[in-house]
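K.L.:
sequence-free structure coming up:
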């Protein structure tokens, strides 16, 4: 049996970065994603979302890959939201996502960062947050 610990911090937004996730919807989305991931052996260490995006910290199993995990979470959750008519419109996640590896030494720091999204976004927009991360990773900033 291989011994692996691969932490991945995932971030993606609602389609068009629309602020459509209410406090009530947030609770339902998080609970559903956790249950769905548990059924698919996707280990979520931390999850939180605000009105226009979501953060998920996962531990990647050796036979899993990032794009498949993201596809499973995003596709299934938007399908579930629409099937259950939890919004008055067709709910969609943005097709793009950010996936960043996380060192074991900073897992707790990333968990706190995810837990404090509401406070964090009182000062900074999603675009500002994303551009800050992209800059740290050496990617160009995105617009608006």
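P.N.:
Everything's here; your move. None of these values were measured; they are calculated from a predicted model.

K.L.:
Which secondary structure state does the nearest residue to residue 61 once chain neighbours are set aside sit in?
P.N.:
Sequence neighbours aside, residue 41 is the residue nearest to residue 61 in space, at 6.6 Å (criterion: Cβ to Cβ, 6 or more residues apart in numbering). For the C-beta atoms, the positions are set from N, CA and C on the backbone; glycine is no exception. State at residue 41, reduced to three classes by DSSP: H, G, I helix; E, B strand; the rest coil: coil.

K.L.:
pLDDT value on residue 41, please?
P.N.:
Reported pLDDT at residue 41 in the predicted model: 93.

K.L.:
From the structure, what's the count of residues near it?
P.N.:
If you count neighbours by other Cβ atoms under 10 Å, residue 41 ends up with 9.

K.L.:
swap in residue 109?
P.N.:
By other Cβ under 10 Å, neighbour count at residue 109 equals 11.

K.L.:
Point out the other helices and strands that the helix or strand where it lies packs with.
P.N.:
Assigned by DSSP states H and E, residue 109 belongs to helix 107-115. In terms of contacts (3 or more Cβ pairs under 8 Å, 6 or more residues apart in numbering; DSSP states H and E), helix 107-115 is packed against strand 6-13, strand 43-50, strand 53-60.
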